[in-house]
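In: The following block contains a protein sequence and its predicted model.
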Amino acid sequence: MRDLLHGVRDLGRGFRMWGSSPRLMLLGALPALIVGAVWLGLLVALLTSLDAVAAWVTPFADDWIEPFRGAARLAAGLALLVLAVVVGALSFTAVVLTVGDPFYERISRAAEEHLGDAPAEREEAVLRGILRAARDGVVLLLASVLVGLASFLLGLVPVVGVVLGAGFGAIAGGWFLAVELTGPSFDVRGIALRERRRVLGRSRARTLGFGIVTWLLFLVPFGAVVAMPAAVAGATVLSRAALAVEPPAGTRARADDPS
């Protein structure tokens, strides 16, 4: 529980940057605002056609009598909504981090300098950095689709399905969200995605505390616009804390090798 709260505190430290660097944080909010408007339009389109889509995925219920047919399609509709939220939140983050890579690199750098002992800046062409962010985003997006499908299937469980699906989506989605948002801080240290997951795994409770609260904020309408820059700054705090955790003796050599 203490580590979970430390993760929440990391996000809170990121929000403090709104007061210390408002101009930089506003620049970081622009990519989130643009992508968020597109994602919101897609969500509205899904909601307006949710009944038709739910009927399409439950053809086996066409001959059922009411209220069983309606209950089956209601469960399918709610499960589809959980699927859309899970995949939408994670894909949103991947796209925003790719589009706004230069902005979020600056936010992460400002957080590093504020915390002290900042690593040397990595010499990398802008296009190469964007392509690297896009590559990592695709990997995490594929993982998010699997999480979304699992949440969808859990959502089909009678009575408790929606709660199970939403809970699983928040935990798994929060984890992948944290992995995505810590990208700039790990990239500047030359640490690849696979090693990033391993390092964060040593501070799993703290990572989940950060990721789940960020996930919930992203579900608030336009909450991601305000939270995205703060989440990148908070992820920098989380990254440094995770890197400071001593790995088990049997894995120390492997963890020290970023390749």
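Out: Yep, that arrived.

In: ranges for the helices of this structure?
Out: Under the criterion DSSP state H, the chain carries helices at the ranges 2-15, 17-20, 22-48, 50-57, 68-99, 101-115, 126-155, 161-181, 183-187, 193-201, 204-219, 223-244, 252-255.

In: Now Gly223: closest residue in space, sequence neighbours ignored.
Out: Leaving aside its chain neighbours, Gly223 sits nearest to Leu217 (4.7 Å; criterion: C-beta to C-beta, 6 or more residues apart in numbering). To be clear about C-beta, it is placed using only N, CA and C from the backbone, and glycine gets the same treatment.

In: Let me know whether that neighbour touches Ala224 as I believe.
Out: Yes - at 7.1 Å, Leu217 counts as touching Ala224 under the criterion of C-beta atoms under 8 Å.

In: burial count for the residue lying closest to Ser20 once chain neighbours are set aside?
Out: Nearest non-adjacent residue to Ser20, counting by C-beta to C-beta, 6+ apart: His114, 7.4 Å away. For His114, the tally of surrounding residues (other C-beta atoms under 10 Å) stands at 16.

In: before we move on, the earlier item: neighbours of the residue nearest to Gly223, how many?
Out: 17.

In: Could you do the one 3 residues further on as well?
Out: Other residues near Val220 number 11, with proximity taken as other C-beta under 10 Å.

In: separation between it and Val57?
Out: Val220 sits 28 Å away from Val57, going by C-beta to C-beta, to the nearest Å.

In: I figured Gly148 was touching Val87, is that so?
Out: Yes - Gly148 is within contact range of Val87, at 4.0 Å (criterion: C-beta under 8 Å).

In: Looking at those two, which one has more neighbours?
Out: Gly148 (24 against 21).

In: quick one: the more buried one from Ala231, how far?
Out: With the distance defined as C-beta to C-beta, Gly148 ends up 20 Å from Ala231.

In: Same check on Asp63?
Out: Between Asp63 and Ala231 the computed distance is 48 Å (C-beta to C-beta).

In: Looking at those two, which has the bigger crowd around it?
Out: Taking neighbours as other C-beta under 10 Å, Asp63 and Ala231 compare with Ala231 leading, 33 against 7.

In: contacting residues for that one?
Out: With contacts defined as C-beta atoms under 8 Å, 6 or more residues apart in numbering, the neighbours of Ala231 are Leu11, Gly14, Leu181, Thr214, Leu217.

In: quick check, nearest of these to Gly70?
Out: Nearest to Gly70 among those is Leu217, at 33.8 Å by C-beta to C-beta.

In: and the closest one, what is it in contact with?
Out: Contacts of Leu217 by C-beta under 8 Å, 6+ apart are Gly223, Ala224, Ala227, Ala231.

In: can you list the helices of the chain in TSV and add mean pLDDT?
Out: Below are these laid out as TSV (pLDDT from 0 to 100):
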stretch	mean pLDDT
helix 2-15	91
helix 17-20	84
helix 22-48	87
helix 50-57	85
helix 68-99	80
helix 101-115	86
helix 126-155	71
helix 161-181	84
helix 183-187	87
helix 193-201	89
helix 204-219	91
helix 223-244	90
helix 252-255	42
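
In: tell me the contacts of the spatially most central residue of the chain?
Out: In the chain, the centroid-proximal residue (C-alpha atoms, centre = their mean) is Leu177; its distance is 2.0 Å. The contact partners of Leu177, taken as C-beta under 8 Å, 6+ apart, are Ala89, Leu90, Thr93, Gly211, Thr214, Trp215, Phe218.

In: The fourth one touches Ala172, doesn't it?
Out: To tie it back to what came earlier, the one meant is Gly211. No - Gly211 sits out of contact with Ala172 when judged by C-beta under 8 Å, with a separation of 9.4 Å.
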